[in-house]
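**Student:** Sequence and predicted structure are below.
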Amino acid sequence: MASSTFPTARPPFYRDTRVIAIVLQLIFLIALLLTGWFLYSNMVARLAASNTAAGGALSWAFLNQTAGFGISEGPAFRPDESYGRAFLVGVANTLRVGVVGIVLATLLGLFAGIARVSTNWLLSRLAAVYVEIFRSTPLLVQLLFWYVGVIAALPSIQEATELGNLGYLTNRGIHLTWIFITETGRMWLIWLLAGFVLGVVVGWLRRRQLERNGLTGSAALPGVLVFLALAVIGYFAADMTASMPEATAYELRRGDRGTLFEDVNRNGVYEPGVDRTLAYVPIKLFDRDGQVVATGLTEGDGTFRFINLPAEAVRLEWETPAPLAVSEPQLQGFNFRGGLSLTPEFAALLIALVVYTGAFIAEIVRAGISAVNKGQWEASRALGLNTGQTLRLIVLPQALRVIIPPLTSQYLNLVKNSSLAIAVGYPDLFNVSRTIVNQTGAEVQVILMVMGTYLSFSLITSLFMNWYNKRIALVER
Amino acid sequence: MTTEIRSTTWVNTDHPAPAQKPPVTEVGVIGWLRANLFSSVGNTILTLVTAVALYFIVTGLVRWVSGAFWQPVWENRKLFAVGLYPIAQMWQPAAVLLMVSALFGLSAGRWGSIMRNLGVGLAALLLLFAIIPIGAQAQLVMAAGLGLLLIGYIAGARVPIASRWLALAWVLSMPATFILLAGGLNLPALGVRWQFVPFVEVNLWGGLMLTMLLAVVGIALSFPIGVLLALGRRSKLPVIKWFCVGYIELIRGVPLITLLFMGMTMLPLFLPSGWGNPSLLVRAMTAITLFSAAYLAENVRGGLQAIPKGQYEAADALGLSAFDSLRFIILPQALTKVIPAIVGQFIGLFKDTSLASLVGLLELVAVGKAVIQQPEWLGTPGGIAREVYVFIAVVFFVFSYGMSFASRKLESKLGFGKRQ
């Protein structure tokens, strides 16, 4: 009888899948390294041959060199500061437009998405038209349209369009009446923080109590009430106990402008970087005869400036401000002072990002809501809930599970798309980095910094959204 | 004692009850209005507010469109279509258009589904431009394209052409397009220089033609890379897997514009000094392809994940090699599933090509900027920026929305995304 043909010996090594796997990976790794080395050596050779300011060396020394260019908006930046700080200012500007954009786009998207599933035919059609138009055209075209076609076409400063008391629209920017936290607002902020912590604790305790005793009710409401109560009490407490710093001093120039500041080293002279400026403080200007010639507020940077005073001011008095101050933009000479000013670049970029991303978010919200089983709507109606309650208590919590993951990627897209700022000259991270490259020639290093920054934004956002997603995910047994 | 039993049953002898007309408030126009616009007080208020807003939007829009100054757009229509491409050699882009129309016709007839939807859209556009007086020769080309499309459709439906030949024709149409547009082949790195007409340098290509070219090349070239990356990401070999994951996440984490600028300035650095510098077009296409590949890989991965495990096991049981099982069993199923997603990505890429205007390519948006700065319109009150950008937006909208509409029809036919 022939022996069994069932193979008992191990296969030869060249047919062993384990060996093949290792060999394949080794080959892949070697090919990868060779390609990388090839590209890298070419780059080093070409950089050495070029005559950029960085001298072809891949050094990071440029980060400490003087930038020599100004940045038009965002955190204060002087041309004598370093390239490294210029980059950080760019990062701050990206975050500024990104965070505000995300909040506004979410609100717009939520509204349009709910409008899209509304039973009101007209409203849902209107929302659909909005979504389709803005989703199907490039963001860059929209951005240029807002910037060149809308904001640049607004009236000049002298003939600014007035929005009631809310502010002014001009071709040099949008000026809004805004509420600012003043000098004494710090004390109030501490109250707010305490109220927040206490509110969270109360909410948590209430939830535990409700769960233990099997009661129904809102756990969030007591927490919110505690927070609101502390916020109101804190406002008055801060208002009553507030005082201006001991060493408050002012600098008056040309009789109509100057700075209000805390004279930290008490030498009577305003020194930027040492002394602390005082924002949104009510001031009165007096002339030689002791007559009041003007009243107003200092600005966010502690400065004030008046045009066309009836007489030259020689003395200034200040009052202790309330924690919050309303500042209205006022036309003084050739520009608006006070209020919240948005540059045309920032306004165009923000509008474009919000409207574009809002359309995508609306579609996500619509998909999320229609993903909720129709039976859930019907069951909810059967229980006697009205449309608003159904949406708030039954549908949206379930829809959120579908909405969150794509919403995360829309937030990331918004931040990435803010790099289009370069098309209108808003000094965001990418725009500033191009200026740095043009001046130093440190192409490779700056590209690495830019990519690293965007990647870390992505990573942080996804980590946060994943955490939130896990919190609201369906708990299954 | 007697008990009288009375029937308490009532029998309807008038059965069935005579049909009555539904109340006039529940059906027809009035019923529809009631259900959709005036179902409650709140809804009525909403309808009225929306109607007022709509009235202002529509009248404002109509007034603007009729009063706008469209002459710059109309006079620069050639610039918007093909950029600075020499007038004398316009037959070359025309030939490309005819070739693509014929291929679309054949594919629509042979394959149907999304190709038919897209073919209908293309036919409508060709018809539109054959009627609008854009210029006798151009209209003639459009009409010829429409004719070829229709002939191709009939031929494709009647003659059983092998799918693989049609696919090969599509693949070959890409280099053919480049050779036709350039007027020959010019590859200094390989020492090839052949021309049948005077060369048209790539920096003269522009307008919608360049926009299309960037998007199509971006998707087509990224396709093989994307499929490999998707397979690699699902591989059991850790080195390959982590390389693919790293690549995909790195590219998806940064904006396209950083990659475009990187391609512009760093791509030449990576090549040996002897090779010279590639043209702007090649640099932009490389950046767009590398970008698109990462997104395509994620789409394909979605398709791969949707294949049941049994398909892999069945392929193994049949004794197919790993390669054959991918080629005959897995990829055909996975790729069919992701067609709508790939169309969606193509639309995104089509819109994203507008960024190429920021790195010096003369595509649609860059043409728009150039037109705005033409000296003859500088005195126009209010400027012509609004008209130009609205026109460009409309062009993008027609193509993007058309494609997404075609894709949505396919999705509903395939039964994707259906929920109760």
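**Tutor:** Sure, I can see it.

**Student:** Quick check: the residue of the stretch 201-350 of chain A nearest chain B.
**Tutor:** The minimum distance from the stretch 201-350 of chain A to chain B, using C-beta to the nearest C-beta, falls at A:Ala348 (12.1 Å). The way it works is simple: take the backbone N, C-alpha and C, and place the C-beta from them, glycine included.

**Student:** Please name the spatially closest residue to that residue (chain neighbours excluded).
**Tutor:** Leaving out its chain neighbours, the residue that sits closest to A:Ala348 by C-beta to C-beta, 6 or more residues apart in numbering or on different chains is A:Tyr147, at 3.7 Å.

**Student:** Then B:Ala102?
**Tutor:** Nearest to B:Ala102 is B:Leu148, by C-beta to C-beta, 6+ apart, at 4.3 Å.

**Student:** burial measure for B:His252, as a count.
**Tutor:** Quick fix: residue B:252 reads Arg, not His. B:Arg252 has 17 neighbours, counted by other C-beta atoms under 10 Å in any protein chain shown.

**Student:** As a check, name the ranges of all strands in the stretch 151-300 of chain A.
**Tutor:** A:161-162, A:167-170, A:173-176, A:178-181, A:248-253, A:257-262, A:276-277, A:282-286, A:292-297 (DSSP state E, counting those that start in this stretch).

**Student:** Can you add mean pLDDT, mean neighbour count and distance to B:Met90 and give those strands back as CSV?
**Tutor:** Output for the strands of the stretch 151-300 of chain A, formatted as CSV (pLDDT from 0 to 100; neighbours: other C-beta atoms under 10 Å in any protein chain shown; distance: least, C-beta to C-beta, whole Å):
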stretch, mean pLDDT, mean neighbour count, distance to B:Met90
strand A:161-162, 80, 10, 47
strand A:167-170, 85, 21, 45
strand A:173-176, 86, 23, 45
strand A:178-181, 82, 16, 56
strand A:248-253, 77, 16, 66
strand A:257-262, 80, 21, 63
strand A:276-277, 78, 16, 64
strand A:282-286, 81, 19, 70
strand A:292-297, 79, 17, 65
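
**Student:** Same list (the ones you listed) but as TSV, adding distance to chain B.
**Tutor:** Shown next, in TSV, are those (distance: least, C-beta to the nearest C-beta, whole Å):
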stretch	distance to chain B
strand A:161-162	15
strand A:167-170	16
strand A:173-176	18
strand A:178-181	27
strand A:248-253	40
strand A:257-262	36
strand A:276-277	36
strand A:282-286	41
strand A:292-297	36
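
**Student:** To A:Ala220, which of those lies closest?
**Tutor:** strand A:178-181 (25.5 Å; C-beta to C-beta).

**Student:** partner strands of the closest one, parallel or antiparallel?
**Tutor:** strand A:324-327 (antiparallel) (DSSP bridges).

**Student:** what's the following helix or strand after the strand it pairs with?
**Tutor:** Using DSSP states H and E, the helix or strand that follows strand A:324-327 in sequence is strand A:330-332.

**Student:** outside of that next one, which residues touch it?
**Tutor:** Residues outside strand A:330-332 that contact it (C-beta atoms under 8 Å, 6 or more residues apart in numbering or on different chains): A:157-158, A:160, A:168, A:305-307, A:336-339.

**Student:** Each with direction, which strands does it pair with?
**Tutor:** Using DSSP bridges, strand A:330-332 pairs in its sheet with strand A:335-337 (antiparallel).

**Student:** For the residue of the stretch 1-150 of chain B found nearest chain A, give me its contacts.
**Tutor:** Per C-beta to the nearest C-beta, B:Asn36 is where the stretch 1-150 of chain B lies closest to chain A, at 3.8 Å. By C-beta under 8 Å, 6+ apart, B:Asn36 lies in contact with A:119-121.

**Student:** got it, and B:Ala306?
**Tutor:** B:334, B:337.

**Student:** Look up how far A:Val99 lies from it.
**Tutor:** 36 Å (C-beta to C-beta, to the nearest Å).

**Student:** where does A:Arg288 sit relative to A:Glu312, distance-wise?
**Tutor:** 8 Å.

**Student:** Just confirm yes or no for stretch A:387-407 near chain B.
**Tutor:** No: judged by C-beta under 8 Å from any C-beta of the partner chain, stretch A:387-407 makes no contact with chain B; its nearest approach is 8.7 Å.

**Student:** can I get the strands of the stretch 151-300 of chain A in a markdown table with distance to B:Leu290?
**Tutor:** Below are these laid out as a markdown table (distance: least, C-beta to C-beta, whole Å):
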| stretch | distance to B:Leu290 |
| --- | --- |
| strand A:161-162 | 46 |
| strand A:167-170 | 42 |
| strand A:173-176 | 38 |
| strand A:178-181 | 44 |
| strand A:248-253 | 56 |
| strand A:257-262 | 52 |
| strand A:276-277 | 48 |
| strand A:282-286 | 58 |
| strand A:292-297 | 53 |
